[in-house]
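> need coordinates for the below:
(chains A, B, C, D, E and F)
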There are 6 protein chains.
Amino acid sequence: MDDVTRPDTRYARGLKNLAAIDGAAGQRVIDALADIAPDFSRMVIEFPFGDVYDRPGLDLRSREIATIAALAALGHARPQLEVHLHAALNVGVSREEIVEILMQMAVYAGFPAALNALFAAKQVFSERDAEAARAGA
Amino acid sequence: MDDVTRPDTRYARGLKNLAAIDGAAGQRVIDALADIAPDFSRMVIEFPFGDVYDRPGLDLRSREIATIAALAALGHARPQLEVHLHAALNVGVSREEIVEILMQMAVYAGFPAALNALFAAKQVFSERDAEAARAGA
Amino acid sequence: MDDVTRPDTRYARGLKNLAAIDGAAGQRVIDALADIAPDFSRMVIEFPFGDVYDRPGLDLRSREIATIAALAALGHARPQLEVHLHAALNVGVSREEIVEILMQMAVYAGFPAALNALFAAKQVFSERDAEAARAGA
Amino acid sequence: MDDVTRPDTRYARGLKNLAAIDGAAGQRVIDALADIAPDFSRMVIEFPFGDVYDRPGLDLRSREIATIAALAALGHARPQLEVHLHAALNVGVSREEIVEILMQMAVYAGFPAALNALFAAKQVFSERDAEAARAGA
Amino acid sequence: MDDVTRPDTRYARGLKNLAAIDGAAGQRVIDALADIAPDFSRMVIEFPFGDVYDRPGLDLRSREIATIAALAALGHARPQLEVHLHAALNVGVSREEIVEILMQMAVYAGFPAALNALFAAKQVFSERDAEAARAGA
Amino acid sequence: MDDVTRPDTRYARGLKNLAAIDGAAGQRVIDALADIAPDFSRMVIEFPFGDVYDRPGLDLRSREIATIAALAALGHARPQLEVHLHAALNVGVSREEIVEILMQMAVYAGFPAALNALFAAKQVFSERDAEAARAGA
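This next block holds a predicted model:
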């Protein structure tokens, strides 16, 4: 097991990468798992974000395009799709591009999967607008 | 119905976009459907490639990243995954990037889906190496 | 792109076919997509309803049987299943037949998928009873 | 457990219904399971064919439309899709109608699922043509 | 059809086995189906619980491990997953073991499926804690 | 990154656990990935087998029951299902128990998924019989 206090561990790298993508959502998952499966929240930080997203061979923008496409196509992962819609926006995928990606999923996973993903995007965009309005008030 | 002889129709646009992505594979699908569902081969050209891939809001490289991620995650579309692995290479996604995208699918769709997609990529890469060797001989 | 003002376009045909199946639900989808993906609401009208449901080779009753079976089996498309349960009733599939189709899905997609689809049908039937009660009051 | 020698048991009813749909395929499944899971081949006869397909509320033609739609949409059941493509033809669904049903699945489960199902239909139609040619020779 | 008044019928066996696993949940399903598909609630008792869970070749603990793993992996059956999380606890799978099984699903069906199943477990555990608190008050 | 030469690393633990389950299959996967995604074969060893299967909260027999249930239910992972059918036998799940688990999947994922998994088991059992015959000759 890694020494979690060392800054170069998988956990530390995972937290750093997660912060760059969507730190608040990551923290919510850690908190929600704290009383039932704390080791799994650790694995979520270490493997996807410490190992996979940390790899140099693909930029974060491309990683998030792949992730929202996959989650939209799978159709059973609405909470995670919302997290990664935020993440995609945070790493530079535009709203217009997100809509294009989700529309394209109609071709590969059917219109219902695409529609439901677009409704998730509608909710995420509107949350961000509301937050921006609050911040700007 | 569009007039298929006009160069600006959905069908004509679809053929043009398909040619840019993977013309040979598209022709094989058209041929395979000719005796059973010719109207469907027409729809395959018109909707995904004439309508969706023709839209300006997302570059082809990003479209193919989304497509191979979704097909790998779905797990039941090996022939189409192979077509789009060729297509991704044709529009500038590198082999290394493809491997990263497919590895990342282990996070969202499980290790078996990622493994089977990587074996599809292994086959596609080796087909292209064999073709390059023949062409260079 | 079709000229949407001409009555023989894909969009016009789609609207007409959708009206015959479930006009109110179609309009709700168009409205819900208006601010985020208006082009996708256009595609939803044009491709499924203007192209596919418009084809003469299969009657609407059979088309809706196929659709509710598929949506029940997929298991991740509850909103679309509800729309097509209304549509099936509207084109002459009886409540008893719908229940039989959904029960049969236990064989192909498992008991949970069949159960969840039957609960969707229960809700749709009760909505229609409530509406009939209001109309008859 | 039913007494299998009585003609009115679930097993006897299942065999009769299966014979009406596709007797040869049913026998092949029974044979294939004989050495590993004979009780499961019994369940396959009893539950889907003795219980579900035996119910009066839905005609066999509609049942097979629902089944091939669901199997095409699920995408992971090629052998069973082939059996039920034969069955659909045997209970009066035409080749043209089958093609329409499978094309329609592009809307709900994506183009890859529809394409792969159409290729299964192409194979089944060609097997039947070959058999008809042998029978007519 | 079995004579439901005889204690040795499939229905009677199903009720008995269901009571051993999670009687209250079984009754809720029977009640919920009563007005729309009473025959299906009969089938749910007879086939899964009267036929399958009644078989001697596998203990109930192993059966419930298999069931919660499958339902977590499928990802579209949250109500049924909750029922079988209760059932697993009722036949002797510990909370810690349940968490391990659901964590392991990240490997085979992806992290979102595992996360969503763990949140279902969190809810079930907390329902049982609340019930125990009430009972102990 | 772990130091792979130290015996207590995730990779070393993964290899050890994999050897206990199905060492030959693990080596085949490592070899097959060597030229295309060597880092992924490393991840396959480290995360599923070094992290997850190494945890003390669940015995290996229960882990393999969960895994073959999930892979059978998912339906798109035949190669991995075969590996874990061998693994289940290697850690003490009997052939009869495996058949029961796969039959039970008909309830949760449908008869086609159960049938295809049973045919995978038939092939695995027959490979082992052939190997035993060779070893005993």
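> and the residue nearest the centre of chain A, what element?
In chain A, the C-alpha closest to the average C-alpha coordinate belongs to A:His84, at a distance of 2.5 Å (C-alpha atoms, centre = their mean). A:His84 belongs to helix A:78-90 when assigned by DSSP states H and E.
> now the helices for chain A?
Per DSSP state H, chain A carries helices over the ranges A:10-33, A:38-44, A:60-74, A:78-90, A:95-109, A:111-136.
> per-residue confidence at A:Thr5?
Per-residue confidence (pLDDT) for A:Thr5: 56.
> now do A:His76
pLDDT, A:His76: 93.
> also A:Ala24?
For A:Ala24, the predicted pLDDT is 86.
> ok, now which ones touch it?
Not one residue lies near A:Ala24 by C-beta atoms under 8 Å, 6 or more residues apart in numbering or on different chains. Backbone N, C-alpha and C define where each C-beta goes, glycine included.
> tell me how far A:Ala32 lies from C:Val29.
32 Å (C-beta to C-beta, to the nearest Å).
> ok, these two, which is more surrounded?
A side-by-side neighbour count of A:Ala32 and C:Val29, using other C-beta atoms under 10 Å in any protein chain shown, places C:Val29 first with 21 against 16.
> so how far is chain B from that one?
18 Å (C-beta to the nearest C-beta, to the nearest Å).
> shouldn't that residue be in contact with C:Val44?
Yes: applying C-beta atoms under 8 Å as the test, C:Val29 and C:Val44 come out as touching, 6.3 Å apart.
> interface residues of chain A facing chain B?
Counting by C-beta under 8 Å from any C-beta of the partner chain, the positions of chain A adjacent to chain B are A:47-48, A:52-53, A:55, A:57-58, A:62-63, A:65-74, A:77, A:80, A:96-97, A:99-101, A:103-109.
> so which of those residues also contact chain D?
For chain D, the contacts drawn from the residues of chain A next to chain B by C-beta under 8 Å from any C-beta are A:73, A:106-109.
> and chain E, is stretch A:97-116 touching that?
No: judged by C-beta under 8 Å from any C-beta, stretch A:97-116 and chain E are separated, with a smallest distance of 11.8 Å.
> show me which of the ones next to chain D among the residues of chain A next to chain B are buried.
Neighbour counting by 16 or more other C-beta atoms under 10 Å in any protein chain shown classes A:73, A:106-109 among these as buried.
> can you list these in a markdown table and add pLDDT?
Listed next are those as a markdown table, based on pLDDT from 0 to 100:
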| residue | pLDDT |
| --- | --- |
| A:Ala73 | 98 |
| A:Ala106 | 98 |
| A:Val107 | 98 |
| A:Tyr108 | 98 |
| A:Ala109 | 98 |
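> so what are the domain limits for chain A?
Chain A breaks down by automatic domain parsing into domains covering A:1-55, A:58-137.
> most tightly packed of those?
Among the domains of chain A, domain A:58-137 has the highest mean neighbour count (mean count of other C-beta atoms under 10 Å in any protein chain shown), at a mean of 21.
> would it count as contacting chain C?
Yes: under the criterion of C-beta under 8 Å from any C-beta, domain A:58-137 makes contact with chain C via A:74-76, A:99, A:102-103, A:106, A:110-116, A:118-119, A:121-122, A:125.
> chain A against chain D: which residues are in contact?
Checking chain A against chain D by C-beta under 8 Å from any C-beta, the hits are A:73, A:106-113.
> which among these gets closest to F:Arg13?
Taking C-beta to C-beta as the measure, F:Arg13 sits nearest to A:Ala73 out of the residues of chain A next to chain D, at 33.7 Å.
> ok, the closest one touching A:Ala113?
Yes: between A:Ala73 and A:Ala113 there is a contact under C-beta under 8 Å: 6.0 Å.
> mutual contacts of those two, please.
Common neighbours of A:Ala73 and A:Ala113, counting by C-beta under 8 Å, 6+ apart, are A:105, D:110.
> ok, the closest residue to A:Pro79 other than its chain neighbours - contacts?
Leaving aside its sequence neighbours, A:Pro79 sits nearest to E:Asn116 (C-beta to C-beta, 6 or more residues apart in numbering or on different chains; 7.0 Å). Contact analysis of E:Asn116 by C-beta under 8 Å, 6+ apart lists A:76-77, A:79, E:72, E:75, E:78.
> report pLDDT for E:Asn116.
Per-residue pLDDT puts E:Asn116 at 97.
> same check on A:Val29?
Looking at A:Val29, its pLDDT reads 87.
> that one touches E:Leu115, doesn't it?
Yes: contact criterion C-beta under 8 Å: A:Val29 and E:Leu115 qualify, at 7.1 Å.
> which neighbours do those two share?
Jointly contacting A:Val29 and E:Leu115 under the rule C-beta under 8 Å, 6+ apart are A:Val44.
> how close does A:Ala117 get to chain F?
From A:Ala117 across to chain F, the span is 21 Å (C-beta to the nearest C-beta).
> pretty sure that residue sits against A:Gln104.
No: using C-beta under 8 Å, A:Ala117 is not in contact with A:Gln104, being 10.4 Å away.
> return the residues in contact with the residue nearest to the centre of chain A.
A:22, A:64, A:67-68, A:71.
> the same query, at a cut-off of 7 Å, please.
With contact taken as C-beta atoms under 7 Å, 6 or more residues apart in numbering or on different chains, A:His84 is in contact with A:64, A:67-68, A:71.
> please apply the same query to A:Lys122.
A:Lys122 touches C:Ile36, counting by C-beta under 7 Å, 6+ apart.
> go with 10 Å
A:85, A:99, C:32-33, C:35-37 (C-beta atoms under 10 Å, 6 or more residues apart in numbering or on different chains).
> over to A:Met105?
Shown in contact with A:Met105 (C-beta under 10 Å, 6+ apart): A:68-75, A:111, A:113-118, B:52, B:66-67, B:70, D:110.
> skip the chain neighbours and tell me the closest residue to the closest residue to chain F within chain A.
Nearest residue of chain A to chain F: A:Phe47, at 5.3 Å (C-beta to the nearest C-beta). Distances taken as C-beta to C-beta, 6+ apart put F:Phe47 closest to A:Phe47, at 5.3 Å, once the chain neighbours are dropped.
> thinking the one you found is in contact with A:Val44, fair?
No: between F:Phe47 and A:Val44 there is no contact, the gap being 11.6 Å when judged by C-beta atoms under 10 Å.
> so what sits against both of those two?
Applying C-beta under 10 Å, 6+ apart, one finds that F:Phe47 and A:Val44 are jointly contacted by B:107, E:106.
> so what's A:Arg78 up against?
A:71-72, A:116-117, A:119-120, A:123, C:76, E:112, E:116.
> repeat that for A:Glu127.
A:82, A:85-86 are the contacts of A:Glu127 under C-beta under 10 Å, 6+ apart.
> if I look at it, how far off is chain D?
A:Glu127 is 29 Å from chain D, by C-beta to the nearest C-beta.
> also A:Ala24?
Using C-beta to the nearest C-beta, one gets 33 Å for the distance from A:Ala24 to chain D.
> doesn't A:Glu82 make contact with A:Ala121?
Yes: A:Ala121 is within contact range of A:Glu82, at 8.7 Å (criterion: C-beta under 10 Å).
> pull up the overlap in contacts between those two.
A:Ile68.
> once you drop chain neighbours, what's closest to A:Arg10?
Closest residue in space to A:Arg10, ignoring its immediate chain neighbours: A:Gly50 at 3.7 Å, by C-beta to C-beta, 6+ apart.
> chain E contacts on chain A?
A:29, A:32-33, A:35-41, A:43-44, A:47-48, A:70-71, A:74-81, A:83-84 (C-beta under 10 Å from any C-beta of the partner chain).
> could you rerun that using 6 Å?
A:36-37, A:40, A:76-77, A:80 (C-beta under 6 Å from any C-beta of the partner chain).
> appreciated, that's everything.
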